[in-house]
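Participant: generate coordinates for the sequence data below:
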Amino acid sequence: MPIGDANHRPTGLLVTAFIPVKPLNYGKSRLSGQLDLAHRIELTRGSLRRIVHTLKSTPGIGDIVIISRDAQVATWAEHWRVEHMREHRRGLNAALREARARYARASAVLVLPSDLAALSVTDVQGMLAAAQQAGERCVVIAPDRHGRGTNALLLKPPDVIDFDFGANSALRHARRARARGIQPTWFRSDSICLDLDSPEDLDLYLDQW
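Facilitator: Residues are numbered from 1 along each chain as shown. Model prediction:
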């Protein structure tokens with residue numbers, strides 16, 4: 001399986017970034033034993049702001065689209081001068097399909113969850129470089145630190161495979177790629193593999209970053 005190199009820099013690829021965000025009252029529920037709702041919302045805002053700043057700082061990123069039906073998230077997007085899409089379909093995969101249809105002009109899409117609090121420009125550059133090197137069609141997968149979930153997904157073209165987020169999605173995305181005759185590219189780094197999904201993730205983030 002090809003492995004992306006975080007030190008490579010992309011050239012000539014313009015990517016639309018999708019950042020889906022759950023309604024804030026329901027987000028990060030697994031952290032409720034450590035953080036109250038106000039602090040969980042602030043954690044989401046902080047990680048989302050970092051992702052937006054990172055994407056804006058990365059050559060090769062075009063439109064940045066925050067996908068959420070939460071009014072507060074829409075206000076954040078306006079303040080940060082990025083696009084906002086209020087999804088009409090329930091469920092993450094359905095919302096991403098809706099966004100892909102709306103931004104059909106995109107030559108490639110990069111999906112990033114809103115809780116990648118340690119995401120770096122080097123991470124995004126590495127994923128773009130891996131896509132650039134892979135040819136006309138590619139699926140670049142950044143798994144979580146357990147190797148099961150998908151912490152970032154780059155698709156070129158955007159409909160090369162369908163979205164299949166959920167439990168064990170990294171392997172499902174890889175299987176979908178192989179079914180289309182594409183060898184998936186795996187991209188790994190300490191920062192992109194860390195999502196704030198559990199108390200252990202939060203402790204690791206606070207310890208290292």
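Participant: what about stretch 45-65, how long is it end to end?
Facilitator: In stretch 45-65, first residue to last residue: 15 Å (CA to CA, to the nearest Å).
Participant: just the buried residues of it, please?
Facilitator: Within stretch 45-65, the residues scored as buried using 16 or more other CB atoms under 10 Å are 45, 47-48, 50-52, 54-55, 58, 60-65. No exception for glycine: its C-beta is placed from N, CA and C like everyone else's.
Participant: which residue lies nearest the spatial centre of this structure?
Facilitator: residue 112 (0.8 Å; CA atoms, centre = their mean).
Participant: related to what we said a few turns ago, which ones among the buried residues of stretch 45-65 map onto strands?
Facilitator: Judged by DSSP state E, these include 61, 62, 63, 64, 65 as members of strands.
Participant: partners of the fourth one in the sheet?
Facilitator: Which is residue 64. Going by DSSP bridges, residue 64 is paired in beta bridges with residue 17.
Participant: wait, it touches residue 19, no?
Facilitator: Yes. Contact status for residue 64 versus residue 19: in contact at 7.2 Å, counting by CB atoms under 8 Å.
Participant: wait, what's in contact with the residue nearest to the centre of the chain?
Facilitator: Contact analysis of residue 112 by CB atoms under 8 Å, 6 or more residues apart in numbering lists 17, 18, 19, 51, 55, 119, 151, 152.
Participant: of those residues, keep whichever come out buried.
Facilitator: When the contacts of residue 112 are checked for burial by 16+ other CB under 10 Å, the buried set is 17, 18, 19, 51, 55, 119, 151, 152.
Participant: need the residues you listed in a markdown table with distance to residue 172 and pLDDT, can you?
Facilitator: Below are these laid out as a markdown table (distance: CB to CB, whole Å; pLDDT from 0 to 100):
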| residue | distance to residue 172 | pLDDT |
| --- | --- | --- |
| 17 | 22 | 98 |
| 18 | 18 | 98 |
| 19 | 21 | 98 |
| 51 | 23 | 96 |
| 55 | 25 | 98 |
| 119 | 23 | 95 |
| 151 | 14 | 95 |
| 152 | 15 | 97 |
